[in-house]
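Student: Below is the sequence, then the predicted model.
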Number of protein chains: 2
Amino acid sequence: MVKIAVDAMGGDHAPSAIVRGAEAAWGEGIAEPVLVGDEQSIRPLLGADSKIEVVHTPTSVEMHESPSSALRRKRDSSMNKAYALHRSGEVEAVVTAGNSGAAMAFAIFTLGRIQGIERPAIMSLHPTARGALALLLDAGGNVDCKPGHLFQFAIMGHVYAKYALGIERPRVGLLSNGEEETKGNELTREAHALIRGANINYAGYVEGTDVHNGSTDVVVSDGFVGNVALKVSEGVAEAITTLLKERIGKSFRGKLGYFFLSDVFKELARTVDYSEYGGAPLVGVNGVSIICHGKSTEKAIKNAIGQAKDFASKKIHVHLTETMREYTNKES
Amino acid sequence: MVKIAVDAMGGDHAPSAIVRGAEAAWGEGIAEPVLVGDEQSIRPLLGADSKIEVVHTPTSVEMHESPSSALRRKRDSSMNKAYALHRSGEVEAVVTAGNSGAAMAFAIFTLGRIQGIERPAIMSLHPTARGALALLLDAGGNVDCKPGHLFQFAIMGHVYAKYALGIERPRVGLLSNGEEETKGNELTREAHALIRGANINYAGYVEGTDVHNGSTDVVVSDGFVGNVALKVSEGVAEAITTLLKERIGKSFRGKLGYFFLSDVFKELARTVDYSEYGGAPLVGVNGVSIICHGKSTEKAIKNAIGQAKDFASKKIHVHLTETMREYTNKES
């Protein structure tokens, strides 16, 4: 079975939710998790007959520690040890719900970047109105980007959509304030000129409405805009759910209607629930790294382990390495 | 009654939807619209006994004309004539669903900017989970901004929330990728330092989730990010509506549930329907200018006329002029 290092100490509900998620993944035969962290905290949470491997580390990264401080002072943390296990080939992927800035820093430091990728990016997988998944990157790692970074994000998105989602010619769009060539800001205009030269199915500028309507498989933006886009989506879904709940609870008629529609509402809740999708892959490093929401529950961790196994099996980072080689060879 | 110039030639459904919207506003005693545009197209659309004033203009701005070309070649357009009527005091506000770039250009050219405002901004009014309205600016006018522009947007938002929405100390937030001071990009970090010095209830960085949760009355961003945020919101609301409709229509049980919840769904549809809110004020010019969605219907135009009348009566641009005077005096 695929072995996956799980940072047991990262996340708002660590270590308990993390340990339970790992046990669930193991129990369902999804993968073989290796729990990394403080053994004294982890052991009591495991069943007496649990066969899950625990790798002890003396420290862990705090949720609000700065990435640079973590890099200097927390080399022996559960988070970095997980990446070290991946680097040495003992595991095929890493899952962490810890400090995402530190996770990016340690992944880059310990696994290294793929040649041709200057800035690894966090990729979000989100549902669209057509039922399929779509990708957005960068979802928050790199707030100030250069045009070349967005070009690399476009290639990374193409490779992930092709090999992870199985879309033969994924449609890649650059997030902008309108579809016309006259739109965009300084950054997107230069990036647009670069991406047009890539050997991908580039759709040009797309708008905020395209993120969730399924018209585009990959949406490219800098990490600032990407983070705002995703958090706005979360906020709207929450606002609509709140509004529906309030109104439905107000009357007998509403409650009766809810009774008949409960399956529909449950499906909606599942569709907008981030934990169904696990976590966000950090793309562009030499390996598979899934970064989960800080508030990840047992289910989110279990699904992230499943996602990590899927990406590791499909060897997407190897495909990305090969694809980037074509571009770096071209340049030289 | 308050007289309002309405650009009869602007919008995907012009002139018919515009004329009907103006007649509805007049019929309901909301305001006295003055229709500006090609008299030969407008007259046949008006009732035989209609008393609505029509001001003839020989040309109109095309929907995809560039603002600079419109400025050079379309001074005698319905759009610019509407602003000229406002400038000369014949009307108290302008409503247009035409080319929004050209509308910004003509409003600035003909009405002029308020002293201290370098970049007038488009302001969106949108519903939140708490039921109240919130403001976001810039919603799309200025894609590449300097920190000083965001500072001015913050003051403009404060003044509109205070005098248009009646919030005594509106909470103003700067849209960012996280609430901590370490977050943000180059632009927001400099803007953050400036806005802290303003005499407003500044909440610092807010996130995408705050746009619709009602925690913040005014959300400030550059026009690129603002446009993406609003179009993503539209997209999510549409995706959820599509998903619900599809699932509900699939079974008898679903249809039965819908029967009991039809009022709730109608209320939701109203809440997310832009046409309920009319249009977006262009803030920072010497006057009241409401820019409507290109696809505005009769109802959207009627509501925009109501909004224009409300802003004109509350003399918000006068309050803004006075407030900006405090800041420009301070600087000199």
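Tutor: In hand now; what should we look at? It should be emphasised that the depicted structure is a prediction, and the values quoted were computed from it without experimental measurement. Numbering: from 1, shown residues only, chains lettered A, B, ... in the order given.

Student: how's chain A carved up into domains?
Tutor: A:1-117+A:284-315, A:127-274 (automatic domain parsing).

Student: looking at the ones you listed, which is closest to B:H158?
Tutor: Among the domains of chain A, domain A:127-274 comes nearest to B:H158, with 21.3 Å by CB to CB. C-beta here means a position set from N, CA and C on the backbone, and glycine is covered the same way.

Student: How far away from the center of its chain is the closest one?
Tutor: Distance of domain A:127-274 from the chain centroid (CA atoms, centre = their mean, to the nearest Å) equals 13 Å.

Student: and that domain, average pLDDT?
Tutor: For domain A:127-274, mean pLDDT rounds to 90.

Student: Could you do stretch A:10-17 as well?
Tutor: On average, stretch A:10-17 scores 95.

Student: what's next to it, contact-wise?
Tutor: A:7-9, A:18, A:37-38, A:41-42, A:45, A:60-61, A:63, A:78-79, A:96-99, A:103, A:292, A:294-298, A:301 (CB atoms under 8 Å, 6 or more residues apart in numbering or on different chains).

Student: ditto for stretch A:21-34
Tutor: So stretch A:21-34 is contacted by A:1-6, A:8, A:35, A:46-47, A:50-55, A:85, A:90-91, A:95, A:296-302, A:304-306, A:308-309 (CB under 8 Å, 6+ apart).

Student: In strands, which of those residues fall?
Tutor: A:K3, A:I4, A:A5, A:V6, A:L35, A:E53, A:V54, A:V55, A:V95 (DSSP state E).

Student: tell me which of these is nearest to B:L174?
Tutor: Proximity of these to B:L174 (CB to CB) peaks at A:V95, which lies at 33.3 Å.

Student: partners of the closest one in the sheet?
Tutor: Counting by DSSP bridges, A:V95 forms beta bridges with A:V6, A:I290.

Student: ok, which stretches of the stretch 151-300 of chain A are helices?
Tutor: A:186-195, A:223-249, A:252-272, A:298-313 (DSSP state H, counting those that start in this stretch).

Student: pretty sure A:I195 is touching A:Y202, no?
Tutor: Yes. Using CB atoms under 8 Å, A:I195 is in contact with A:Y202, at 5.4 Å.

Student: Comparing these two, which shows the higher neighbour count?
Tutor: A:I195 (25 against 18; other CB atoms under 10 Å in any protein chain shown).

Student: which residues touch the more buried one?
Tutor: A:L150, A:F151, A:A154, A:V172, A:L174, A:Y202, A:V220.

Student: where does the first one land in three-state SS?
Tutor: Three-state call for A:L150 (DSSP: H, G, I helix; E, B strand; the rest coil): helix.

Student: nearest spatial neighbour of it, skipping sequence neighbours?
Tutor: A:A191 (3.8 Å; CB to CB, 6 or more residues apart in numbering or on different chains).

Student: From B:T323, how far out is the one you found?
Tutor: 38 Å (CB to CB, to the nearest Å).

Student: same question, A:S78
Tutor: 53 Å.

Student: Which one of these two is surrounded by more residues?
Tutor: Applying other CB under 10 Å to A:S78 and B:T323 shows that A:S78 carries more neighbours, namely 30 against 19.

Student: hang on, the earlier thing: buried deepest among the helices of the stretch 151-300 of chain A, which one?
Tutor: Greatest average neighbour count among the helices of the stretch 151-300 of chain A goes to helix A:298-313 (a mean of 24), per mean count of other CB atoms under 10 Å in any protein chain shown.

Student: still on that earlier bit, so for A:I195 and A:Y202, which residues contact both of them?
Tutor: A:A154, A:V172, A:L174.

Student: Could you check what's spatially nearest to the last one, not counting adjacent residues?
Tutor: Read it as A:L174. Nearest to A:L174 is A:V220, by CB to CB, 6+ apart, at 5.1 Å.

Student: Just give me the neighbour total for the one you found.
Tutor: Quick note: A:V220 (other CB under 10 Å) scores 33 neighbours.

Student: can you tell me how far it sits from chain B?
Tutor: 12 Å (CB to the nearest CB, to the nearest Å).

Student: Kindly report the same for A:N303.
Tutor: 20 Å.

Student: show me what contacts that residue?
Tutor: A:S275, A:E276, A:Y277, A:G278, A:G279.

Student: Pick out the residue closest to the middle of chain A.
Tutor: A:A280 (0.6 Å; CA atoms, centre = their mean).

Student: For beta bridges, what are the partners of it?
Tutor: A:I291.
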